[in-house]
Structure formats: structure tokens, C-alpha cells
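Visitor: Requesting a structural model of the entry that follows:
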Amino acid sequence: MEQRLIALIISVSIFVLYKNYCLSKVGMTVSYSKTFYRLKRKYLYTLFMVAFAIPMSIAGDTPLMFWASAAMVLTGVAADIKRSETTYWLHIVGANAGIAIAMLSIVKDYGNWVLPGLFVAFLIYALVREIRYRTLYIEEAALYISAFSILLDIWN
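Guide: Okay, the predicted model is just below:
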């Protein structure tokens, strides 16, 4: 329990630190992926994705959470989506698969339907409405719902 909690704290802390760093350097972006192009040190996006995904995998402690985190790592290493069509699709598939697999894990492994249900409701709302920074909010909602679900599992 203790190592899962520490891993979760590390992962969420990295996420929040990167978010605040990006806000201070480049302001709001439409998604975290776009920070790759907006920051001077482009490697920071890849470093961020790997550094937050690995402890999240440890905190999640399920095979599905491992694969969700692996998809996030793929998203980070396929950061330069303008480089080629293959890189673009690896990035998009990695990001969407990571979120979908995490939500599936929350339902299957933790027995929690409520939080993924709220995420799906928000996702539908965000996709139907023209919301500025929609992708960014979807990414954040997925992370915070995943983190909260893991925390609930640790506490049970």
C-alpha cells in the first residue's frame, strides 16, 4: 500500500509541476501534446510523459493500468506528430488507448463504474460542445479520475 501511494503522489506531482511549468512558460495550450512545439526544450514533454506514466503504472498495480501507462509512454516518445504520418498515428492511438484502457481498468479491476461513467459523460459533453481547450480538459479529467480511483483502491 505504501509504495503504491508514494508512486501515485510522485505521478500526480509530476503532472501538476509540468502543468504549472507550461502555464508559466507558454500559457494554456489546446493539449499537453502541443507543449512539445511551444516549449524551447522539446524533450521536456517526452520526459514528462515517461516520468508521470511509470509511477502511475506502479500505483495502478494492475495489468490494464500497466498497458494504459505504456500507451502514455508511447504518446510521449511519439511527440513530434508533424514528423511523419506514422508518428502522428502512434501518438493519437497511444493517447486514446491510454485513456480508454485506464477507464476500463477502473471498472474491471477496481469495480468502480461511477467515475468512468462521469468521465464518459464529460467526454460526450466536451465533444458535442465547442469548448476551448477541450482536449486539455479531457486529458486532465482522465488523469484525475484515474488518480482518484487508484487512491480509493489503495484506501480499501
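Visitor: Would you mind identifying the helix or strand in this protein with the lowest mean pLDDT?
Guide: When each helix and strand of the chain is scored by mean pLDDT, DSSP states H and E, helix 35-38 comes last, with a mean of 94.
Visitor: got a list of what Lys25 touches?
Guide: 38-39 (Cβ atoms under 8 Å, 6 or more residues apart in numbering). For glycine as for every other residue, the C-beta is placed from the backbone atoms N, C-alpha and C.
Visitor: Backbone dihedrals for it, please?
Guide: phi -90, psi -40 (degrees, to the nearest 10).
Visitor: What's the separation between it and Phe15?
Guide: Going from Lys25 to Phe15 by Cβ to Cβ, to the nearest Å gives 16 Å.
Visitor: Next: Trp113.
Guide: Look at Trp113 and Phe15: by Cβ to Cβ, they are 24 Å apart.
Visitor: who has more neighbours, the two?
Guide: Phe15 (22 against 10; other Cβ atoms under 10 Å).
Visitor: Tell me which residues touch the more buried one, please.
Guide: 48, 52, 143.
Visitor: Would you reformat those as CSV and include pLDDT and neighbour count?
Guide: Formatted as CSV, the contacts of Phe15 follow (pLDDT from 0 to 100; neighbours: other Cβ atoms under 10 Å):
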residue, pLDDT, neighbour count
Phe48, 97, 23
Phe52, 96, 25
Leu143, 96, 22
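Visitor: And the residues you listed, which is closest to Phe36?
Guide: Phe48 (9.7 Å; Cβ to Cβ).
Visitor: neighbouring contacts of the least confident helix or strand of the chain?
Guide: Contacts for helix 35-38 (Cβ under 8 Å, 6+ apart): 22, 25-26, 29, 42, 44-46, 79-80, 82.
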